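**Q** requesting a structural model of the entry that follows:
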Amino acid sequence: MPRRYEQLKTASLDESKRESTRAPNRITSLRLGLSFILILVLASLTVIQIRPSTSGSKIIFGGSKTLAGYDEDIKICASNIPPPARPPAPINPWASLTIDEMVEIQNWLLSTQMNLNLTRGDTARPSDNSIYMIQTYYPPKTDVLEYFSSLDPRDVPARFARVTIHHGGAVEPVIRDYLVGPLPVTPATEMTHLANIYHTETLPYNARGYDALDWNLPEIHTKIAAPLMDAYKASCFDHLACLVILTLSQELLGGLPNGTIVAGGAGPFGFDGSFRRFWLNWQRDTPGFWLHPLNLWQYVDVSGTDTSKWDQLKIVYNHQVFDTAESFMDAFHNGTLKRVPPVTKQEEDLSWSTRERIGALRDLDNLPGPRSVSFAGLRFRVDYDLQYVSWMGWGLYLGFDRDMGLNLWDIRFRGERIIYELKPQEALAQYTGNDPYKSSTALLDSYFGMGQSVRDLLPGYDCPDEAIYLPATTFSATGMMSRKRAICIFEQDSGRPISRHLGFERSEFGAVKGYQLVIRSVATVGNYDYLFEYIFHVDGTIEVRVSASGYLLSGFWDDEQGAYGSKIWNTTLGSLHDHVINFKVDLDVGGTQNSLLKTSLSQEVTTQPWFDDDWGEEVIQQKITREYIDNEDEALLRFPANFQGGYTIVNTDETNKWGIPRGYAIHPGYSPVHNTVVGSKRLLKNANWARYNLAVSRRKDTEPFSSSMWNFNLPGAPPVDFHNFFDGENITQQDLVTWINVGMHHLPASEDVPNTRTNTAASSFFLTPFNYFDYDVSIESANAILLQPPKKPGDPFSYDDYNVRPAHCVPQPPAAFEYYPEQVYDLDGKPAPPSTVEEMRKASELYLRIKFEL
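**A** Next up, the predicted model:
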């Protein structure tokens, strides 16, 4: 099938007679064709501003160029440049550190006056002291609110950085987080130990941050890969590096002739900091390698800083367990090894795991689909420097950090602060299976850095063509990374009214358009792509949605795996797993003093004197029960069965016109789940937040996060134990924080190949006004229509569109698609040479794809 657009067909004379009802006139087609060409030419040369009139129905266009053959008022549409925003303050207190600030902090820490004996991260070994992370530390809420209230430059909150140092060179190696500030660096700048946000006294060194440099150490090859070389029969492609090559792969692993393999690690790496160990799973090194696991696992010990003591502890092959490499090799050589069946000739084609298009071309799919165009210009405002956005009464600041990426601050609607902080906290993925890898994998992705894993969005695919993009920069141990398109912002028409009614009395028939503002970012953490979306509605509702795509983290299929997933290829198991993502929502409803209202729906049997004998005296109906939850310990919550009720953050001191406390309700959206497994040692205490749909606690600066990047490797002694937040305190008319979960129970199917789909792998919640206003404020929108009944039978309805009528112009052509790798800077803040594909892979796929360089 051709992949080009089909040419318009010209009908013959006799064809036009037979098909006159549907074939276009040739002259009309010619004129349309010429006009279309002129449109493209003018669209590429002209930028004209258009504005819909606010005082009358006539559309007024700026500029002077018109299109031949069209009404003289039709012009080229305006470029999609948003008008400047007007932030409530001239600073962003939550702004990320710039590259210059990161370099300044690093150089100050490396200076001799600090006496920290630091080794630069790009050359450090586990036994060195090195800087692992530098990022903004958010100021206290009281300081920010005081400044926003006064806007006095003397009240600007001091700027601080959180710095993580791996003290591998200490007598007792340890991790420490520090506060460095105030910034910029001056003689007044200090470094203090950041300990009051943790529930443990120390951060054990075995829980340290992941570093790809560890896997370049020769000890890794010597202790893990080399003992099995006879089985691998490895050889190198070149003199510098090679992957393990299986000349006997068909015989041993069910692999392909001369196929290469790579390893991936499970986690957590430890329980309480006393060790650092994990399972390695081998996979075919092919596109979509996540879907090509092999039936071989190795249990590896990389504890401590002395790499000579790192070792291999156990090997599992095809359900056979070997305590040493020697015992495995003996079985391999003496014929007692029970081997997997070889791959058949038909199964040697591994292209099924790529994203190349397959199948017959669908009808009309060779044409581009519809795209959104703001004909009258963009209707949201952006301050690029402060990363502030406003739209239809909404206004908010954006932040971005290494652990979880995009976050939102000081969210106001119609001039009132609704939310102080809206920030993702942690992303859990817990797997299951009948093998060492899947049964021991319980990931907490803040450890790997969901913000660090954000890459540039795909224009026109990840976001609409007219989306606006904002950048983000993060620090790593080996350098800094800047992305130009880390965040996208766009307005969309939901395609449905937010409210409407068909009526026949005066002014009861009409509709309000359901426009939305979307702020989106995508984090690719190894195999999975997480789409974080914040969707703002014209009625004061905020929707928070997370969708997942990317590759499954699959297992090796055999007949004993059926209870743990689905077979999706001859030797591939789509592994059952849970996703739970936690958000911190600091609602300020009519101020900072709020309470938690629980609403329950139940059934009652009642009698009333007006009931007659036709139906009997009894009526069975539902009723509402309202109660306030006063104690934190009672605020670890799950949604009621059948969703018969819910929870609302209210201000009992602030009421609407009808005397009802103003509130914002927490509505479950799609797939409101919590974690299935409770009691697993791998999630014993480090993800207690995942047991609930939501929880409410008193806000404290010493409890800024529900998790920490260190929790991943310390499930038995987590630095942040969420349950410790709940210590019997009163939560009536206090500054409260709501911790809300989204997620899914992911039972994979063959349709998850090659990638999971975002339409079903999604979860959301809504924050919506609940007696906050006196009426539905979306009725204020002028993008609406009001109809009046006809005065005479047969006449049309009259209507009022509030003089907001469709603008009409010729859209500018979308920019040509291009995609470049992110810009990397070295630790001196200078642009680094362009990264090779292998370097980009290491930074993106982390320890889930370990290339052993020999």
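
**Q** alpha carbons only for contacts and neighbour counts from here, please
**A** Noted.

**Q** show me the shaky parts of this structure.
**A** In the prediction, the chain carries residues with pLDDT under 70 at positions 1-72, 212-213, 215-216, 229-259, 851-854.

**Q** quick check, central residue of it?
**A** Using C-alpha atoms, centre = their mean, the residue of the chain that lies closest to the mean C-alpha position is Phe532, 3.3 Å off.

**Q** which residues pair with that residue across the strands?
**A** When bridges are called by DSSP bridges, Phe532 pairs up with Ser521, Val546.

**Q** for it, give me its contacts.
**A** Neighbouring residues of Phe532 by C-alpha atoms under 8 Å, 6 or more residues apart in numbering: Arg520, Ser521, Val522, Val544, Arg545, Val546, Ser547.

**Q** export the residues you listed as a markdown table, with columns for distance to Val837 and neighbour count.
**A** As requested, the contacts of Phe532 are exported to a markdown table (distance: C-alpha to C-alpha, whole Å; neighbours: other C-alpha atoms under 10 Å):
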| residue | distance to Val837 | neighbour count |
| --- | --- | --- |
| Arg520 | 26 | 22 |
| Ser521 | 23 | 27 |
| Val522 | 20 | 27 |
| Val544 | 34 | 21 |
| Arg545 | 32 | 20 |
| Val546 | 28 | 22 |
| Ser547 | 27 | 22 |
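
**Q** biggest separation within the residues you listed, which pair?
**A** Pairwise distances across the contacts of Phe532 peak at 13.8 Å for Val522 and Val544 (criterion: C-alpha to C-alpha).

**Q** ends of stretch 638-650, what's the gap?
**A** 19 Å (C-alpha to C-alpha, to the nearest Å).

**Q** could you list the buried residues of it?
**A** Applying a neighbour-count criterion of 16 or more other C-alpha atoms under 10 Å, the buried positions in stretch 638-650 are Arg638, Phe639, Gly645, Gly646, Tyr647, Thr648, Ile649, Val650.

**Q** where's the fifth one, which helix or strand?
**A** Think Tyr647. Tyr647 is part of strand 645-655, with elements assigned from DSSP states H and E.

**Q** so what are the sheet partners of the following helix or strand past that strand and their directions?
**A** Scanning forward in sequence from strand 645-655 by DSSP H and E, the next helix or strand is strand 661-668. Using DSSP bridges, the strands paired with strand 661-668 in its sheet are strand 645-655 (antiparallel), strand 762-770 (antiparallel).

**Q** contacts for whatever helix or strand comes next after strand 661-668 next, please.
**A** Under the assignment DSSP H and E, the closest C-terminal helix or strand after strand 661-668 is strand 694-698. Applying C-alpha under 8 Å, 6+ apart, the set of residues contacting strand 694-698 from outside is 596, 632, 635-638, 689, 725-726, 729-731, 734-741.

**Q** quick one: strand 694-698 to chain centroid distance?
**A** Averaged C-alpha coordinates place strand 694-698 at 22 Å from its chain's average position (C-alpha atoms, centre = their mean, to the nearest Å).

**Q** try stretch 293-306
**A** With C-alpha atoms, centre = their mean as the basis, the distance from the averaged C-alpha position of stretch 293-306 to the chain average is 30 Å.

**Q** measure the closest residue to Thr136 other than its chain neighbours to Ile581 for me?
**A** Closest residue in space to Thr136, ignoring its immediate chain neighbours: Ala161 at 4.5 Å, by C-alpha to C-alpha, 6 or more residues apart in numbering. Relative to Ile581, Ala161 is positioned 26 Å away (C-alpha to C-alpha).

**Q** and if you look at Ser308?
**A** Here the criterion is C-alpha to C-alpha. By it, Ser308 lies 38 Å from Ile581.

**Q** how about the strands in the stretch 301-450 of the chain?
**A** Along the stretch 301-450 of the chain, counting by DSSP state E, counting those that start in this stretch, strands occupy 311-317, 320-322, 381-383, 388-391, 394-401, 405-413, 416-431, 442-444.

**Q** returning to what we had before: neighbour count for Ser308 and Ile581, which is higher?
**A** Ranked by neighbour count (other C-alpha atoms under 10 Å), Ser308 and Ile581 place Ile581 first, with 24 against 13.

**Q** next, the more buried one: phi, psi?
**A** Geometry field for Ile581 lists phi and psi as phi -120, psi 130, criterion degrees, to the nearest 10.

**Q** and what of Tyr205?
**A** Main-chain torsions, Tyr205, degrees, to the nearest 10: phi -70, psi -30.

**Q** who's in contact with the residue lying closest to it once chain neighbours are set aside?
**A** Leaving aside its sequence neighbours, Tyr205 sits nearest to Val174 (C-alpha to C-alpha, 6+ apart; 4.4 Å). Residues in contact with Val174, defined by C-alpha under 8 Å, 6+ apart, are His166, His167, Gly168, Thr202, Leu203, Pro204, Tyr205.

**Q** noted, bye for now.
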